[in-house]
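**Q** only geometry, no sequence info:
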């Protein structure tokens, strides 16, 4: 069984650029204290190479990729490019950067041949079912209306979250791991999510904008530890 997962999406927040590798060092230090948990950091594409070169315990994901090969594709980010830069995986179909189901399928298929992990986001239960059938490594149920609100999916939509876990496992024949995101801000949010069957949480502003990022991440990791082990 894979380890439980904490994914930290830095998006394009100012703090992510101002503090740069300090954030990676914080995550690395907490990861060292919680070896039974997998930590993923998703920096902006501008920082992918730098973060990938400095990583030790933490996996580095791209925040997005495009279903195109290397070549004459101005402004695109091919899977082959993030592999060259040293990334371990990628987020796809985040509600702030949605793509078509056809593009999701193409990316997942190509990622397997390149050894790139895929974390595909789904905005509702219908999309959860469609994406899980494509068998990415992870499927994240993340209702967009809750993102950045501080109101977590585990509190606002517990029944939908439970259904999403079952759907992900069934539609993927157990090949995709269920996770969730949107509004997760506290230890209680994390514990609730894991009690409903997820194996990971996708967190952004609650970590990036925290005045003490180490303590905040330590709280999240402690919640995962107490809920899972």
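**A** Great, that's in hand. Keep in mind it's a predicted model, so treat the numbers as computed, not measured.
**Q** Tell me how confident the model is about the helix ranked longest in the chain, as a mean pLDDT.
**A** Identified as the longest helix of the chain according to DSSP state H is helix 213-228. On average, the pLDDT along helix 213-228 is 96.
**Q** Run through who's touching that helix.
**A** 4, 6, 8, 23, 26-27, 29-30, 33-34, 36-37, 186-188, 190-191, 194-195, 201, 203, 206-207, 210 (Cβ atoms under 8 Å, 6 or more residues apart in numbering). To be clear about C-beta, it is placed using only N, CA and C from the backbone, and glycine gets the same treatment.
**Q** Just the buried ones from those residues?
**A** 4, 6, 8, 23, 26-27, 30, 34, 37, 186-187, 190-191, 194, 201, 203, 206-207, 210 (16 or more other Cβ atoms under 10 Å).
**Q** Starting from the helix or strand hosting residue 80, tell me the next helix or strand along the chain.
**A** Using DSSP states H and E, residue 80 sits within helix 79-85. Where DSSP H and E defines the elements, the next helix or strand beyond helix 79-85 is strand 89-92.
**Q** Show me the strands paired with that following strand, marking each as parallel or antiparallel.
**A** If you go by DSSP bridges, strand 89-92 pairs up with strand 59-62 (parallel), strand 117-122 (parallel).
**Q** roughly how far out does the helix or strand that it is followed by sit from the chain middle?
**A** Next in sequence after strand 89-92, counting helices and strands by DSSP H and E, comes helix 101-114. In terms of Cα atoms, centre = their mean, to the nearest Å, the centre of helix 101-114 is found 17 Å from the chain centre.
**Q** Sort out which residues of helix 101-114 are buried, please.
**A** With burial defined by 16+ other Cβ under 10 Å, the residues of helix 101-114 counted as buried are 103-108, 110-111.
**Q** Ok, which of the strands paired with strand 89-92 comes nearest residue 78?
**A** strand 59-62 (10.3 Å; Cβ to Cβ).
**Q** Perfect, I'm done here.
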